[in-house]
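Q: My questions are about this predicted structure, shown below with the sequence.
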Amino acid sequence: MTRLRPRTLRGQLTLGLVALLAVIFVGVGIGTTALLRGFLVTRLDQQLTAAGPRYAQSLEHELAAADTRGQTQGTFGARAADSVITQDGVVDGTSMTGDNTGQVTLSAADSRALLALPTDGSPHTLCLSALGDYRLRAVKGADGDFLFTGLPLSPVSATVRELALAEIALFGGAVVAAALGGAAWVRLALRPLDRVATTAERVSTMSLASGEVALDVRVPDAERQDEVGRVGASLNRMLGHVGDALARRQAVERRLRDFAADAGHELRTPLAAVRGHAELALRRGDEIPPDALHALTRIEAESRRMGTIVDDLLLLARLDAGRPLESTEVDLTLLVLNAVDDAQAADLAEAGDVTADITADIATDVTAARTRHEWRLDLPTAPVTIPGDPHRLAQAVANLVTNARVHTPAGTRVTVGIAVHADRVRLAVEDTGPGLAPDLTDRVFDRFTRGDPARSRASGSTGLGLAITRAVAEAHGGRVGVVSEPGRTVFELVLPVRPVQPVRPPK
């Protein structure tokens, strides 16, 4: 039933109007035919009452005189189309029009039905198998027998049938005309609502998540005083509030980006000076007391860490500003090999064996004997190349691999693979670690997000690596994603195989 219902409000209103008219016309047709039939039957009863039993009584004596068997005491007569019905079930006489109809033999059922009629002098309807529907009036004769006077109902039925056919044709045409006219009127009446719906659809297609948005779409003719005008005016006010909120948000984001860029530029020089003086002092390590040497070592390490943070902030500021990136053919397979090679070297350094020989063999187990993690590669046999900025893509791949190395315990198996599809390349970093917390999955690519703040600070994490990976992916027209559960976490980087318009927030 739901499938037959129109989907649009215009169709539902038109269908409701047509259905209402059809119900009204059916009611009017049934009422008029019932009234007409009742009127004609009443006129027929009046004729029967006015005629009385006089004709049947006269026929009664004529039939009695002609009956050679002497059965006048049991004779039954009726004015049924000017006919007389005898006890033997024979009708003898002429029609009301004067034509000779001959004799009509009644069945036993008809005779019993006639004898069952009450003799109260009131007309009753009876269906005779030989004559059809009749209005009959039964009275007792002068000799104690029963006399019947009747008129056929066929003229009444014919008149009512003609009226019903005429009403069907008339009302059917009226319903069709009402459907066409109603559809046009509903379309015209709902035109302002269509404009409201069109405006809402245009707003729904806009990207309001980030960047500067010119929300200048408004509902036209919103000054109407009806319900549609009120809805349009309310939507315009709501769009105005949303536009103001988006403008304020964009202004705050712009100030934050400018602050990050300015702070990064301003911090670079003093950080470089601090690190330079620390390195210069450390060259005279033999002349420095042990406690001062330790302090200078920490100063040099923290200045390097702060320099990394400043560089990351500047990179994010440039990507947020939508500055164009370099676009050349990049060997993604080589980037993966280099990133895994660096991760193995870092693992060996943490394990205290920096002289181990590190090798990487495609599609084989490349785990070094004394690394903290088990590293595996799942790469196509042929190199995979994509258009993009090699330095930024290398940084994005390295961030994913480093994230798996730093935030998983020793003994975790990490698999880095590349899958080539028709129009995109998917780079996946899968590990068998404990997985992400449920509340961290949705914001893991946000800036300054740390799964374990204490461990992240100890390992030197800034909380910007995955945010940079997402920004680089979007700058290349791609995307990032993560699926995590205990024992399996997959970070993916999806990039187009052909140059596309990058997804960048406007300036």
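A: Looks like it came in fine.

Q: Can you report phi and psi for Asp120?
A: Reported as degrees, to the nearest 10, the phi and psi values for Asp120 are phi -90, psi 0.

Q: what sits against the nearest residue to it once chain neighbours are set aside?
A: Leaving aside its chain neighbours, Asp120 sits nearest to Ala138 (7.9 Å; criterion: Cβ to Cβ, 6 or more residues apart in numbering). Using the backbone N, CA and C atoms, a C-beta is placed for each residue, glycine as well. Under the criterion of Cβ atoms under 8 Å, 6 or more residues apart in numbering, the neighbours of Ala138 are Leu114, Leu117, Pro118, Thr119, Asp120, Gly121, His124, Phe146, Leu147, Phe148.

Q: now do 7 Å
A: Leu117, Pro118, Thr119, Phe146, Phe148 (Cβ atoms under 7 Å, 6 or more residues apart in numbering).

Q: Wait, a helix at it?
A: No: counting by DSSP: H, G, I helix; E, B strand; the rest coil, Ala138 falls outside a helix, being strand.

Q: State the distance from it to Val176.
A: 50 Å (Cβ to Cβ, to the nearest Å).

Q: quick one on the thing from earlier: check pLDDT for the contacts of Ala138 and point me to the minimum.
A: On pLDDT alone, Phe146 ranks lowest of the contacts of Ala138, at 72.

Q: That one bridge partners, please.
A: Following DSSP bridges, Phe146 is listed with bridge partners Lys140.

Q: what's the burial count for it?
A: For Phe146, the tally of surrounding residues (other Cβ atoms under 10 Å) stands at 20.

Q: same check, this time on Val330
A: Neighbours around Val330, by other Cβ under 10 Å: 22.

Q: Give me the three-state assignment for it.
A: Going by three-state DSSP: Val330 is strand.

Q: was I right about it contacting Ile386?
A: Yes: using Cβ atoms under 7 Å, Val330 is in contact with Ile386, at 5.7 Å.

Q: What is the most widely separated pair among the contacts of Ala138?
A: Pro118 and Phe148 (11.7 Å; Cβ to Cβ).

Q: neighbour-wise, which of these two wins?
A: Using other Cβ under 10 Å, the more surrounded residue of Pro118 and Phe148 is Phe148, with 25 against 8.

Q: wait, is that one part of a strand?
A: Yes: assessed with three-state DSSP, Phe148 lies in a strand.

Q: surely it meets Arg135?
A: No: the criterion here is Cβ under 7 Å, and Phe148 misses it with Arg135 at 10.8 Å.

Q: what number of residues lie near Leu126?
A: 21.

Q: can you check Arg298 too?
A: Per other Cβ under 10 Å, the neighbour tally for Arg298 reads 11.

Q: Give the buried residues for the one helix or strand it maps to.
A: Using DSSP states H and E, the element containing Arg298 is helix 290-320. Within helix 290-320, the residues scored as buried using 16 or more other Cβ atoms under 10 Å are 293, 296, 299-300, 303, 306-307, 309-310, 312-320.

Q: For the protein, give me the ranges with low pLDDT.
A: 1-5, 52-104, 141-145, 209-213, 221-222, 351-371, 450-462, 499-507 (pLDDT under 70).

Q: so where's the longest helix in it?
A: helix 227-282 (DSSP state H).

Q: Can you name every helix or strand that that helix contacts?
A: Applying 3 or more Cβ pairs under 7 Å, 6 or more residues apart in numbering; DSSP states H and E, we find helix 227-282 packed against helix 191-204, helix 290-320.

Q: As JSON lines, those with distance to Val480 would be great.
A: JSON lines is the format used below for the helices and strands packed on helix 227-282 (distance: least, Cβ to Cβ, whole Å):
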{"stretch": "helix 191-204", "distance to Val480": "25"}
{"stretch": "helix 290-320", "distance to Val480": "13"}
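
Q: I'd like to know which of these lies nearest to Val340.
A: Judging those by Cβ to Cβ, what sits closest to Val340 is helix 290-320, at 21.0 Å.

Q: now that closest one and helix 227-282, what's the angle there?
A: 150 degrees (axes from the mean of the first three to the mean of the last three Cα atoms, to 10 degrees).

Q: So which elements touch helix 290-320?
A: Short answer (3+ Cβ pairs under 7 Å, 6+ apart): helix 290-320 packs on helix 227-282, helix 465-475.

Q: the strands in the stretch 351-500 of the chain, which residues?
A: Remark: strands assigned in the stretch 351-500 of the chain by DSSP state E, counting those that start in this stretch are 374-378, 385-388, 413-420, 424-431, 479-485, 488-496.

Q: With mean neighbour count and distance to Leu163 added, can I get those strands in JSON lines?
A: JSON lines is the format used below for these (neighbours: other Cβ atoms under 10 Å; distance: least, Cβ to Cβ, whole Å):
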{"stretch": "strand 374-378", "mean neighbour count": "19", "distance to Leu163": "85"}
{"stretch": "strand 385-388", "mean neighbour count": "20", "distance to Leu163": "82"}
{"stretch": "strand 413-420", "mean neighbour count": "18", "distance to Leu163": "78"}
{"stretch": "strand 424-431", "mean neighbour count": "21", "distance to Leu163": "74"}
{"stretch": "strand 479-485", "mean neighbour count": "16", "distance to Leu163": "73"}
{"stretch": "strand 488-496", "mean neighbour count": "20", "distance to Leu163": "75"}
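
Q: can you put those in JSON lines and add distance to Leu17?
A: Shown next, in JSON lines, are the strands of the stretch 351-500 of the chain (distance: least, Cβ to Cβ, whole Å):
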{"stretch": "strand 374-378", "distance to Leu17": "65"}
{"stretch": "strand 385-388", "distance to Leu17": "59"}
{"stretch": "strand 413-420", "distance to Leu17": "57"}
{"stretch": "strand 424-431", "distance to Leu17": "52"}
{"stretch": "strand 479-485", "distance to Leu17": "49"}
{"stretch": "strand 488-496", "distance to Leu17": "52"}
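
Q: nearest to Pro220, of those strands?
A: strand 479-485 (37.0 Å).

Q: Now the closest residue to Ala22 other than its chain neighbours: which helix or strand?
A: Once flanking residues are discounted, Ala22 sits nearest to Val175: 5.5 Å by Cβ to Cβ, 6+ apart. Using DSSP H and E, Val175 sits within helix 154-189.

Q: what angle sits between that helix and helix 191-204?
A: 50 degrees.

Q: I'd like the distance between Phe445 and Leu165.
A: Distance from Phe445 to Leu165, by Cβ to Cβ: 75 Å.

Q: Who has more neighbours out of these two?
A: Phe445 (19 against 10).

Q: got the contact list for that one?
A: Leu466, Ala467, Arg470, Val480.

Q: hmm, 8 Å instead?
A: Leu466, Ala467, Thr469, Arg470, Val480, Val482.
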